[in-house]
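>>> with the sequence up front, the predicted model follows.
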Amino acid sequence: MCKRLTYRQLQQQSDNRRIYQKTMPWNAQDGLSLLKKKSLTEDAFFYWQNENDSVEMIGIGATLLLQSEAEEERFQEIESSVRLLRQRAEDDFLLFGSFTFDAAHEPSPEWDAYENALFIVPTYCVRREGDVWSQTTTIYCAPEEKDELFNQRAEQWEQLQREKEENATFVTYTKLEERQVEQYRESIPQMTSLIREGKAHKVVLARSLRLQFEQNPQIASLMEQLNEQQKNSYRFAFHIDDSTFIGATPERLIKVNRSQANSESVAGSIRRGKTPEEDEQLGASLLADEKNREEHHYVVEMIEPIFQELCETYTMPDRPQLLKIRDIQHLHTPIQGEMKEDVTILQFIERLHPTPALGGVPTKVSLEYIRQFERQDRGLYAAPIGWFDTEGNGEFAVAIRSALLKDNAAYLYAGGGIVADSNVEHEYQETWNKFSPMLRIFGGARENDE
Ligand SMILES: C=C(O[C@H]1C=CC=C(C(=O)O)[C@@H]1O)C(=O)O
């Protein structure tokens with residue numbers, strides 16, 4: 001595994017190494033099959049499938065591993081590292097990675113593999129756009145080492161592809177622990193009182209489950225299940241050291257494609273109906289529900305000024321629509337803008353994260369309450385995860401409906417927006433809905449009839 005580098009360390013590198021790339025068509029055309037090769041998965045990897053299945057990417061190995069331990073500066077540090085590396089590169093290149101939810105939180109031991117910001121420039125990247133697959137190999141070396149290193153990598157890549165795939169293993173958890181559930185339940189009336197006293201308008205409180213396994217589930221088969229079950233969601237996996245973070249989230253944080261920026265407000269939820277009629281009724285009641293509209297409106301109110309600041313022009317519908325995924329339906333308002341010159345995707349992330357769909361209003365105050373009420377660190381739950389390239393394109397999702405896998409255990413997270421009239425039982429049930437996508441792949445979702 002290559003060494004993690006901060007911006008300072010990169011600046012201090014005084015050798016003549018450069019980034020070189022080779023891209024070619026890829027005929028194997030099954031990205032997930034790569035994650036079934038044992039020797040590949042011992043290294044870092046990243047899996048990404050966008051919400052409409054038009055783009056799928058798998059990054060394997062890390063030619064460069066960039067990190068930032070800074071709190072507020074972490075976005076700029078990654079930006080500076082990438083800018084500096086672009087000067088050492090022949091072509092544009094791509095990075096995968098994440099920022100943790102709360103850089104100021106004391107990290108919990110389960111999250112120790114992920115820094116405040118952690119990005120990989122993958123050694124091998126396979127990418128599907130529509131039906132067309134390509135494979136890119138990236139190296140970082142002195143010019144005189146280039147040919148030999150490319151040869152070595154080509155050989156290694158051939159070898160890896162010939163390697164036998166491990167059989168899919170379906171493992172079911174043997175124990176489910178609701179972590180500090182009493183404390184979660186108590187925190188809701190405490191939070192609603194604080195809100196009624198005017199201390200905050202909305203705070204998203206989350207809880208977590210810990211599932212125990214007898215053997216580690218295979219990531220490729222978990223992702224296959226998510227691909228089958230969670231259409232209309234971003235499906236992702238980020239593996240580093242002994243940890244893998246996976247998920248299927250409906251929520252885009254930001255997408256940038258040739259200076260066009262797209263984001264959305266996703267907040268306010270109700271379960272899916274058991275029949276089309278019931279589903280429609282539930283959707284209609286969600287659209288009309290004042291509490292959910294209020295929760296949603298806070299998110300819209302926060303995102304819109306950011307588009308005003310960073311875009312020349314933007315458009316946004318004046319009322320939410322429904323976003324329906326397998327277990328749940330949400331209120332949804334998309335927003336789209338033409339970015340001002342020199343604005344970057346990381347600047348959007350810095351301003352957008354956390355939206356009031358994951359943090360609250362006001363942002364700083366809500367983060368304080370989250371630290372106070374949620375003992376465990378959220379790590380990458382509800383955090384920005386995705387990819388960007390040095391041409392200025394990229395896409396990040398909000399890592400909800402997610403789980404961390406480590407040491408034969410999975411840690412699942414789910415939360416909901418608390419406003420003045422939130423109710424414990426309702427919130428508690430809603431977290432079960434939100435756990436469902438992940439619980440299902442680990443051995444069974446709990447039916448919820450609320
Ligand atoms: C915090 C979560 O969901 C957010 C996103 C959509 C709807 C939400 C809600 O209705 O409360 C939450 O704000 C989660 O899934 O853990």
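Everything's here; your move.
>>> quickly note the distance from residue 347 to residue 295.
26 Å (C-beta to C-beta, to the nearest Å). The way it works is simple: take the backbone N, C-alpha and C, and place the C-beta from them, glycine included.
>>> for those two, indicate the residue with more neighbours.
Using other C-beta atoms under 10 Å as the criterion, residue 347 and residue 295 rank with residue 295 on top: 27 against 19.
>>> which SS class is the more buried one?
Here residue 295 is recorded as helix under DSSP: H, G, I helix; E, B strand; the rest coil.
>>> hmm, it is touching residue 420, no?
No - using C-beta atoms under 8 Å as the test, residue 295 is too far from residue 420 to be in contact (10.8 Å).
>>> the lowest-mean-pLDDT helix or strand in the chain: what's the following helix or strand?
Lowest on mean pLDDT, DSSP states H and E among the helices and strands of the chain sits helix 38-41, with a mean of 74. Downstream of helix 38-41, the next assigned helix or strand under DSSP states H and E is strand 45-49.
>>> next SSE after that following strand?
Next along from strand 45-49, by DSSP H and E: strand 55-68.
>>> so where is this structure shaky, pLDDT-wise?
Scanning the chain for pLDDT under 70 picks out 1, 41, 445-450.
>>> helices along that one, start to end?
Per DSSP state H, the chain carries helices over the ranges 7-12, 31-34, 38-41, 74-87, 146-162, 181-196, 219-229, 276-288, 290-310, 345-352, 363-373, 424-441.
>>> gap between the residue with the largest distance to the centre of the chain and the ligand?
What lies farthest from the middle of the chain is residue 144; by C-alpha atoms, centre = their mean that is 38.3 Å. With distances taken as C-beta to the nearest ligand atom, to the nearest Å, residue 144 is found 51 Å from the ligand.
>>> also residue 387?
Taking C-beta to the nearest ligand atom, one finds residue 387 at 21 Å from the ligand.
>>> give the contact list for that residue.
By C-beta atoms under 8 Å, 6 or more residues apart in numbering, the contact set of residue 387 is 46, 48, 57, 94, 95, 96, 97, 394, 395, 396.
>>> save the residues you listed as JSON lines, and put in neighbour count and distance to the ligand too.
Listed next are the contacts of residue 387 as JSON lines, based on neighbours: other C-beta atoms under 10 Å; distance: C-beta to the nearest ligand atom, whole Å:
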{"residue": "46", "neighbour count": "25", "distance to the ligand": "22"}
{"residue": "48", "neighbour count": "22", "distance to the ligand": "19"}
{"residue": "57", "neighbour count": "21", "distance to the ligand": "24"}
{"residue": "94", "neighbour count": "21", "distance to the ligand": "27"}
{"residue": "95", "neighbour count": "25", "distance to the ligand": "26"}
{"residue": "96", "neighbour count": "26", "distance to the ligand": "22"}
{"residue": "97", "neighbour count": "25", "distance to the ligand": "21"}
{"residue": "394", "neighbour count": "22", "distance to the ligand": "21"}
{"residue": "395", "neighbour count": "22", "distance to the ligand": "18"}
{"residue": "396", "neighbour count": "27", "distance to the ligand": "15"}
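>>> out of these, who's nearest residue 193?
residue 396 (34.7 Å; C-beta to C-beta).
>>> so who does whichever residue of the stretch 1-150 of the chain sits closest to the ligand touch?
Closest approach between the stretch 1-150 of the chain and the ligand, counting by C-beta to the nearest ligand atom: residue 101, at 10.6 Å. For residue 101, the contact set (C-beta under 8 Å, 6+ apart) comprises 354, 358, 377, 378, 379, 380, 381, 382, 383.
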